[in-house]
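> no FASTA, just this:
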């Protein structure tokens with residue numbers, strides 16, 4: 001749970017992580033602040049989903065209100081784990097703040113992104129239809145599915161084979 005001081009008041013912003021695997025589709029929905037304290041919860045959710053051997057993995061960041069470097073690191077590690085497992089990873093609802101962090105490290109094209117057409121909640125995640133894998137609206141894709149060149153993708157695949165959760169500095173090499 002993250003806390004932010006505003007004047008003399010400390011506002012507590014709870015973090016939630018909801019993971020579900022249904023009909024071969026894994027979905028991890030995050031809400032609140034993703035930081036050093038909450039990043040392990042995301043790692044655990046992704047590891048649990050990938051252990052089910054899904055056909056695809058979706059990280060829904062629509063309700064993510066804040067992401068620090070530790071949060072960014074766990075998102076990058078989730079991508080590497082998905083690559084290693086051979087599971088396509090899609091990120092929905094990438095907000096401006098985490099997108100800005102990715103841009104600062106030169107990683108704005110690392111994640112395949114799509115914009116959700118509906119509000120994602122634990123109740124609506126189980127609605128018929130989302131598990132079919134049909135993508136609502138997808139941004140135009142200028143290159144490979146993950147936005148990387150073949151050489152970059154091969155380099156990242158080799159890193160993924162080396163370890164499940166590599167140091168973040170190795171993710172962008």
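Done, it's in. Note that this is a predicted model, so its numbers are computed, not measured.

> all strands of the chain, in order?
Secondary structure of the chain (DSSP state E): strands located at 2-6, 9-13, 16-22, 25-34, 56-67, 89-92, 112-115, 137-138.

> can I get these in CSV including mean neighbour count, mean pLDDT and distance to residue 106?
Heads up, the C-betas are built off the backbone N, CA and C, glycines and all. Formatted as CSV, the entries for those read as follows, by neighbours: other CB atoms under 10 Å; pLDDT from 0 to 100; distance: least, CB to CB, whole Å:
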stretch, mean neighbour count, mean pLDDT, distance to residue 106
strand 2-6, 11, 55, 26
strand 9-13, 10, 64, 29
strand 16-22, 17, 94, 27
strand 25-34, 22, 96, 20
strand 56-67, 21, 95, 17
strand 89-92, 21, 95, 17
strand 112-115, 17, 80, 16
strand 137-138, 10, 38, 23
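
> and residue 74, which of these is closest to it?
Among the strands of the chain, the nearest to residue 74 by CB to CB is strand 25-34 (7.3 Å).

> and the closest one, what does it pack against?
Packed against strand 25-34, as judged by 3 or more CB pairs under 8 Å, 6 or more residues apart in numbering; DSSP states H and E, are the following elements: strand 16-22, helix 39-51, strand 56-67, helix 69-85.

> okay, the angle between it and strand 56-67?
10 degrees (axes from the mean of the first three to the mean of the last three CA atoms, to 10 degrees).

> just the angle between strand 25-34 and helix 39-51, please?
Using the same axes, to 10 degrees, the interaxial angle of strand 25-34 with respect to helix 39-51 works out to 180 degrees.

> name every strand pairing with strand 25-34 and say which way it goes.
Strand pairing for strand 25-34, determined by DSSP bridges: strand 16-22 (antiparallel), strand 56-67 (parallel).

> thinking again about what came up before, which one of the strands of the chain lies nearest to residue 100?
strand 56-67 (9.4 Å).

> what's in contact with the closest one?
2, 13, 24-35, 46, 49-50, 75, 78, 82, 87-95, 97-98, 101, 116, 119-120, 133 (CB atoms under 8 Å, 6 or more residues apart in numbering).

> so that strand versus helix 69-85, what angle?
Going by the same axes, to 10 degrees, strand 56-67 makes 170 degrees with helix 69-85.

> coming back round to it: with distance to residue 105 as added columns, please give the helices and strands packed on strand 25-34 in JSON lines.
Shown next, in JSON lines, are the helices and strands packed on strand 25-34 (distance: least, CB to CB, whole Å):
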{"stretch": "strand 16-22", "distance to residue 105": "23"}
{"stretch": "helix 39-51", "distance to residue 105": "16"}
{"stretch": "strand 56-67", "distance to residue 105": "12"}
{"stretch": "helix 69-85", "distance to residue 105": "8"}
